[in-house]
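Peer 1: Take a look and give me a structure for this.
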Amino acid sequence: MKAYRGRIAPTPTGLLHLGHAQTFWIASQLARQAGGQLLLRIENLDPQRCREAFISAAIEDLAWLGIEWDEGPDRGGPCAPYIQSQRIERYRKLLGRLQTAGLAYPCRCSRKDVREAATAPHDKGDEPVYPGTCRPAPGQAAVFDVETAPHVNWRFHVSDGEVVSFEDGRFGQQSFVAGDDFGDFVLWRHDDVPSYQLAVVADDHDMGITEVVRGADLLKCTARQLLIYDALGWKAPAFHHCPLVKDDSGQRLAKRNHALSLQAMRESGASPAAIRSRFIE
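Peer 2: Numbers count the residues shown, from 1 in each chain. As a prediction, the model looks like this:
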């Protein structure tokens, strides 16, 4: 049996809040219970929102909370494999493989275009299902002059009706239908940035991750990513999705909603033990 390797992967677009702390703590505990290793990866692909100050703050918050990792930034190991922005060419090569296989096609549609084109029955709550505006016709190869019109998204061509199922470590059996629960999704953004879907699959495979621990809001992302694993001929890791932490109004905590940060709670006198006592078992 392959030795357990888990990971925690903060995105430095803001300060960590209680929801992040709970997920990362669960990831660390599962790794320790398995006698395995825990990696720290910085997912800093968004050049407009990611900040070096948030990377430093995340490392400080994680250490204060009592989380220890074995590989990654600030632990003496090589940092290059654990900083997403340093792995762009790896992601680009994988995009090329999917393009060659006919599984990626160029798309001119903006998010606004997709929202306006999607009809109500296809809206599953988190985002509209892509209506296939730029999808090549059956049997037709994707043709696009990327030299004269480089500003396009590249989408993964899903097989409509394909059922994607997996056993989740917390929520049990999960099943999603391609083309219904989600449509053709973005692999590479028009501003020349790889998508979360492609980058995390590449990272988790290359780093030998055996179990991915993350929030329950990413359950549907797992279905998308399993299609990428299959397309690249890779064995997927196990998945464990954690309950979401919500505020007093029932809304999940989010950086964009100015959720109370760990840093603010720490500065107000909260102890690591007090923070951990609020986690959902």
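
Peer 1: what about Pro106, how many residues close to it?
Peer 2: 20 (other Cβ atoms under 10 Å). C-beta: built from backbone N, CA, C; applies to glycine.

Peer 1: Just confirm it is within a strand.
Peer 2: Yes. Looking at Pro106 with DSSP: H, G, I helix; E, B strand; the rest coil, it is inside a strand.

Peer 1: quick one: it from His190, how far?
Peer 2: In this structure, Pro106 and His190 are 10 Å apart, going by Cβ to Cβ, to the nearest Å.

Peer 1: and for the two, which residues touch both?
Peer 2: Shared contacts of Pro106 and His190 (Cβ atoms under 8 Å, 6 or more residues apart in numbering): 152-153.

Peer 1: Which pLDDT does the model give the residue nearest the centre of the chain?
Peer 2: The residue lying closest to the centre of the chain (Cα atoms, centre = their mean) is Tyr196, at 5.0 Å. What the model reports for Tyr196 is a pLDDT of 96.

Peer 1: List the buried residues for stretch 100-113?
Peer 2: By neighbour count with 16 or more other Cβ atoms under 10 Å, stretch 100-113 contains the buried residues 103-107, 109.

Peer 1: Next, count neighbours for the closest residue to Ile67 other than its chain neighbours.
Peer 2: The shortest distance from Ile67 to any non-neighbouring residue, by Cβ to Cβ, 6 or more residues apart in numbering, is to Ser28 (4.6 Å). Taking other Cβ under 10 Å as the criterion, the count of residues near Ser28 is 20.

Peer 1: tell me the mean pLDDT for the host helix or strand of Ser28?
Peer 2: Using DSSP states H and E, Ser28 falls within helix 18-33. Summarised as a single mean, pLDDT over helix 18-33 is 96.

Peer 1: mind listing what's buried in it?
Peer 2: Buried residues in helix 18-33 (16+ other Cβ under 10 Å): 18-28, 30-31.

Peer 1: helix or strand right after it?
Peer 2: The first helix or strand that comes after helix 18-33 along the chain, using DSSP H and E, is strand 37-40.

Peer 1: about what we covered before: hmm, who's touching the helix holding Ser28?
Peer 2: Residues outside helix 18-33 that contact it (Cβ under 8 Å, 6+ apart): 4-8, 10, 16, 37-38, 61-62, 65-69, 169, 211, 213-215, 240, 242-245, 252-254, 259-260, 262, 265, 275-276, 278-280.

Peer 1: still on that earlier bit, contacts only, for the residue nearest to the centre of the chain.
Peer 2: Going by Cβ under 8 Å, 6+ apart, the list of residues near Tyr196 reads 43, 45, 221.

Peer 1: domain assignment for the chain?
Peer 2: Per the record, the chain has its domains at 1-86+245-281, 87-199, by automatic domain parsing.

Peer 1: what's the span of the shortest one from first residue to last?
Peer 2: Right, the one you point to is domain 87-199. Terminal residues of domain 87-199 lie 9 Å apart, using Cα to Cα, to the nearest Å.

Peer 1: Just give the number of residues close to Lys235.
Peer 2: Other residues within reach of Lys235, judged by other Cβ under 10 Å, total 9.

Peer 1: For it, give me phi and psi.
Peer 2: Main-chain dihedrals, Lys235, degrees, to the nearest 10: phi -80, psi 130.
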